[in-house]
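Undergrad: got a predicted structure plus its sequence, pasted below:
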Protein chains: 2
Amino acid sequence: MLAVTIVDGQLEVREHPDPVPGAGELLVDVRAAGLNRADQMQVDGFYPAPPGSPPDIPGMELAGEVAAVGERVTRFTVGDRVMAIVGGGAQAERCLVHERVAMPVPDGISWPEAGGFPEAFVTAHDALFGQCRLAMGEHVLVHGAAGGVGTAGVQLAAAAGARVTATVRNESLRDAVAALAEHGRVLAIAPEGFEDHGPFDVVLELVGAPNLAGDLASLGTGGRIVVIGVGAGARAEVDLLALMARRGRIHASTLRARPLEEKALVTRGVEREVVPLLADGRVRVPIAATFPLAEAAAAYERFAAGGKLGKVVLVT
Amino acid sequence: MLAVTIVDGQLEVREHPDPVPGAGELLVDVRAAGLNRADQMQVDGFYPAPPGSPPDIPGMELAGEVAAVGERVTRFTVGDRVMAIVGGGAQAERCLVHERVAMPVPDGISWPEAGGFPEAFVTAHDALFGQCRLAMGEHVLVHGAAGGVGTAGVQLAAAAGARVTATVRNESLRDAVAALAEHGRVLAIAPEGFEDHGPFDVVLELVGAPNLAGDLASLGTGGRIVVIGVGAGARAEVDLLALMARRGRIHASTLRARPLEEKALVTRGVEREVVPLLADGRVRVPIAATFPLAEAAAAYERFAAGGKLGKVVLVT
């Protein structure tokens, strides 16, 4: 099979042996695989793949058709359309997926949408609901709302009955972000002065340390900040007395490093709560651009350039 | 009644009118009232009493006998021995307590012990179990373990089957802290180099910002830090990437500012889970010193001097 391959910090498309599914595993003919920030970090040598994943093939999410199944597979069969998060190796013609982390792709959802769905929606769902226990009627702040996790977070929060304030650096994308949740309450604003729009019950922090002081200052009583992205910086000064006064909390997490059973748990939650919304059009996966696998380097350049709405996806 | 009174940032003992119990309230003849750091902050003008509490009488915990009851009181009757957290006003001969935040004082528990129990044990119980969901077998770090909340936290964590590492500044108190949980697993150490004793699942931070970098560095996967005291400083630099890598969280809270219903909820949890341990001697309230109400200023001086094991309590 062909696969995007990290060679001395550069991307090439190279031939690899087909992986062989073990017990509980699906061999998936990949049709689409979304790009994520962690992929570029891996290419740059800062974020090695977890044990058990191909060390030199990036890609943490995919959609495709089941080509073969290992022993004791019960949830899917050859020919099924599936999508999943994986520890790595998704940007290839074929990839192994444990059946417990695979989700069915609803009818009517295109391959690029399915390939760009898992990482963003599992991450946003886990952050907002699993970690922060977001409740109907709360006020959510999403920083970096035009990106993959941001667009997912805005839609999920609105779908759950929350009010959303979304910061978007690129002015030309603000209307599109506000329109993501057609019947929801979403206000898209510039990042400057976001503190004046609080108090916020939940802050989905996808930008990083420079926002933390404002996040904390505008946090309501019992508020939760969840840090998922720190592209703009990771070292933040935190006023603990302010956090005490708000009885607040700061969560931070990544998805990739979690063990299989935790990934399966969060995926099952998304399959139960979010896939039905995807199927009936209440949430969608905005696609900024698609590139063929052979043009992976161009896709990474497009991803790094920013200023886009939604996902950059490789297709095979 | 006589009450410790804040007059221009100084403490005096002055005559005040007796308070009158309203619906659901107990008038308590105070027999003992513990000192807490927030009392000194209030005297210094940094921490005003919450609405509904006497603005000029400090004291956030007490034990005593019910002297009279308001309408619709059902849990206690005149003559009952009770102990409670209050928003303020405890350092007086009489104080109002809502019956939903009052707990019965077990037989055999002295007034100073009962008067020093509520704030420390409710705070530690809420932090460890309510906020951090401490589980049997986890490893807990308690910073500032010789103080009121610290001694409570060490005992509660050990009683719940956790392993405890406790930092104690005053070397002469380390053996006493280690002995607090007779049948538990408690290691008392100097604060310097505590990071080498991790990883920790839960950190009860009673000292403040200077510990935060070490708390984070020694936090295990899924670990929780809960900040309750910041006497040594409130502004901490937090490495968000390190917090992400551990999938950790930082909680921070105070007890005093919470509304009555939340105080009642946490108190009911302590009455159910901790008062039985107090009754049968499995946890105890170390008393560093007692002072008569008239010597409140000396009691505050003793409290501020530090280096003590357990509580400083005023008695009437």
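TA: The structure has been received and is ready for your questions. Numbering: from 1, shown residues only, chains lettered A, B, ... in the order given.
Undergrad: tally of neighbours for the closest residue to chain B within the stretch 1-150 of chain A?
TA: Distances between the stretch 1-150 of chain A and chain B by C-beta to the nearest C-beta are smallest at A:Gln131, namely 7.8 Å. (Glycine included, C-beta is placed from N, CA and C.) By other C-beta atoms under 10 Å in any protein chain shown, 20 other residues sit near A:Gln131.
Undergrad: A:Gly116 now?
TA: That count, for A:Gly116 with other C-beta under 10 Å as the rule, works out to 33.
Undergrad: dihedrals phi and psi, it?
TA: phi -100, psi 0 (degrees, to the nearest 10).
Undergrad: what about the closest residue to it other than its chain neighbours, distance to chain B?
TA: Leaving out its chain neighbours, the residue that sits closest to A:Gly116 by C-beta to C-beta, 6 or more residues apart in numbering or on different chains is A:Lys311, at 3.4 Å. Going from A:Lys311 to chain B by C-beta to the nearest C-beta, to the nearest Å gives 21 Å.
Undergrad: ok, back up a step: ok now do the residue of the stretch 1-150 of chain A closest to chain B, which residues does it touch?
TA: Neighbouring residues of A:Gln131 by C-beta atoms under 8 Å, 6 or more residues apart in numbering or on different chains: A:224, A:226, A:251, A:253, B:249.
Undergrad: name the residue closest to the centre of chain A, please.
TA: For chain A, the residue nearest the mean C-alpha position is A:Ala120 (1.9 Å; C-alpha atoms, centre = their mean).
Undergrad: can you tell me which helix or strand it belongs to?
TA: helix A:118-125 (DSSP states H and E).
Undergrad: for chain A, what helix or strand is lowest in average pLDDT?
TA: Within chain A, no helix or strand scores below helix A:37-43, which has a mean of 93 by mean pLDDT, DSSP states H and E.
Undergrad: what helix or strand does A:Ala288 sit in?
TA: strand A:287-292.
Undergrad: by contact count, what packs against that strand?
TA: In terms of contacts (3 or more C-beta pairs under 8 Å, 6 or more residues apart in numbering or on different chains; DSSP states H and E), strand A:287-292 is packed against helix A:111-116, helix A:296-305, strand A:311-315.
Undergrad: buried set for it?
TA: Neighbour-count burial for strand A:287-292 flags A:287-288, A:290-291 (criterion: 16 or more other C-beta atoms under 10 Å in any protein chain shown).
Undergrad: could you do stretch A:246-260 as well?
TA: Buried residues in stretch A:246-260, counted by 16+ other C-beta under 10 Å: A:246-258.
Undergrad: right, is it up against chain B?
TA: Yes. Stretch A:246-260 is in contact with chain B by C-beta under 8 Å from any C-beta of the partner chain, via A:246-254, A:257-258.
Undergrad: got the angle for the host helix or strand of A:Val149 vs helix A:118-125?
TA: A:Val149 belongs to helix A:148-159 when assigned by DSSP H and E. Angle, helix A:148-159 to helix A:118-125, by axes from the mean of the first three to the mean of the last three C-alpha atoms, to 10 degrees: 50 degrees.
Undergrad: quick one: mean pLDDT for helix A:148-159?
TA: Mean per-residue pLDDT for helix A:148-159: 98.
Undergrad: how far does that helix sit from the chain's center?
TA: Relative to its chain's centre, helix A:148-159 lies at 10 Å (C-alpha atoms, centre = their mean, to the nearest Å).
Undergrad: could you give the angle of that helix to strand A:287-292?
TA: Per the same axes, to 10 degrees, the angle that helix A:148-159 makes with strand A:287-292 is 140 degrees.
Undergrad: coming back round to it: tell me what the helix holding A:Ala120 is packed against?
TA: With contacts taken as 3+ C-beta pairs under 8 Å, 6+ apart, helix A:118-125 sits against strand A:25-34, strand A:61-69, strand A:81-85, helix A:148-159, helix A:260-273.
Undergrad: mind checking what helix or strand follows that helix in sequence?
TA: Later in the chain than helix A:118-125, the nearest helix or strand by DSSP H and E is strand A:139-143.
Undergrad: which elements pack onto that next one?
TA: Secondary-structure packing of strand A:139-143 (3+ C-beta pairs under 8 Å, 6+ apart): helix A:148-159, strand A:163-167, strand A:200-205.
Undergrad: show me which residues of chain A sit near chain B.
TA: That would be A:131, A:208-209, A:212, A:227-228, A:230, A:234-254, A:257-258, which are the residues of chain A within reach of chain B (C-beta under 8 Å from any C-beta).
Undergrad: swap in 7 Å and give it another go.
TA: A:208-209, A:227, A:230, A:234-241, A:243-245, A:247-254 (C-beta under 7 Å from any C-beta of the partner chain).
Undergrad: so who does the closest residue to A:Asp215 other than its chain neighbours touch?
TA: In space, and not counting its chain neighbours, A:Asp215 is closest to A:Val203: 4.7 Å by C-beta to C-beta, 6+ apart. By C-beta atoms under 7 Å, 6 or more residues apart in numbering or on different chains, A:Val203 lies in contact with A:141, A:215, A:219, A:225.
Undergrad: what does A:Phe121 give?
TA: Per C-beta under 7 Å, 6+ apart, neighbours of A:Phe121: A:152, A:270, A:274.
Undergrad: can I assume A:Ala120 is in contact with A:Gly148?
TA: Yes. If you go by C-beta atoms under 7 Å, A:Ala120 and A:Gly148 touch, sitting 3.9 Å apart.
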